[in-house]
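K.L.:
pasting the sequence and the predicted model now:
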Amino acid sequence: MRFSALTTTITDIASISILANAPVLGANGLSGPRNPIIDPKKFIDPVIESLRAELRRDLVGVVLCGSYAYGVPGKNSDIDLQAVIRPGWKQRRWLTYQGVAIDLFLRPAVVIRSEFAALDRGVVTMFSKGRILMDSDGTIEKLVDEARRIIKEPLPPIPPGEWPALRQGAISFIKSVEDTAEIDEVSTAYTMLAALHEILFIYSRLERRRFGKASHQLPLE
């Protein structure tokens, strides 16, 4: 398969049965279930009250993350919430309230800090640019301050011993693209995206910079 043909391949993904209920790409862009650009407060408050009733004193705080926190929501944006809890378990919940999608993470502070230490780009970005909605004891403010400090720092250099694994990972993805190129266009499209993600990750490590969604590259207040 010639790679130029991949420009039309992504629209074919819509026909895969496992994506039948998800927003899909069509001739005019994204179609399917959409959230209007709304004031998220009236949808967030009931979620927080439900968490208070469920967790009581075990609910430490809540942070609004993602595009609504950054002031750049789109028609397809969901509401992203990070709930910090005292128990040692973690959970992700997908909620729908009055037709609006809400993505809710529940984790203790120790797990969040471990993800900070592991340089989890998504978690660091969410807390560094999130909006504090509830903070029972100052823990959330400390987490936000830690994330903002981390995100301003350059990534550590790649240790010499890590290079072989990074290099082999990128080579494996590229070989997978070559293996599927003449067989299955949809699989090739997926594999190319995975390879691109891996290569960009390695590039960010080389440059010692963090990259995120373009719409999220906003200055900290």
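P.N.:
That came through fine.
K.L.:
a helix runs through residue 171, doesn't it?
P.N.:
Yes. Under the criterion used here (DSSP: H, G, I helix; E, B strand; the rest coil), residue 171 sits inside a helix.
K.L.:
can you count the residues close to it?
P.N.:
Using other C-beta atoms under 10 Å, the number of residues around residue 171 comes to 12. For the C-beta atoms, the positions are set from N, CA and C on the backbone; glycine is no exception.
K.L.:
got it, and residue 186?
P.N.:
15.
K.L.:
ramachandran coordinates for it?
P.N.:
Dihedral angles phi and psi of residue 186 (degrees, to the nearest 10) take the values phi -70, psi -50.
K.L.:
next one: the host helix or strand of residue 106 to chain centre, how far?
P.N.:
With the criterion set as DSSP states H and E, the secondary-structure element containing residue 106 is strand 100-108. Averaging C-alpha positions (C-alpha atoms, centre = their mean, to the nearest Å) puts strand 100-108 12 Å from its chain's average.
K.L.:
do stretch 122-138 as well
P.N.:
With C-alpha atoms, centre = their mean as the basis, the distance from the averaged C-alpha position of stretch 122-138 to the chain average is 15 Å.
K.L.:
please save the CA atoms from it in CSV.
P.N.:
Extracted as CSV, the C-alpha positions of stretch 122-138 are listed here (Å, rounded to 0.1, in the frame of the first residue of the first chain):
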residue,chain,number,x,y,z
GLY,A,122,-0.8,14.1,31.2
VAL,A,123,-1.1,14.1,35.0
VAL,A,124,1.5,16.8,35.5
THR,A,125,-0.2,19.0,32.9
MET,A,126,-3.7,18.4,34.3
PHE,A,127,-2.7,19.5,37.8
SER,A,128,-0.4,22.3,36.7
LYS,A,129,-3.1,24.0,34.7
GLY,A,130,-6.2,22.7,36.5
ARG,A,131,-8.7,24.8,38.6
ILE,A,132,-9.1,23.9,42.2
LEU,A,133,-12.8,23.3,43.0
MET,A,134,-12.5,21.9,46.5
ASP,A,135,-9.6,21.5,48.9
SER,A,136,-10.4,20.3,52.4
ASP,A,137,-6.9,20.5,53.9
GLY,A,138,-4.6,22.3,51.5
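K.L.:
cool, thanks, signing off.
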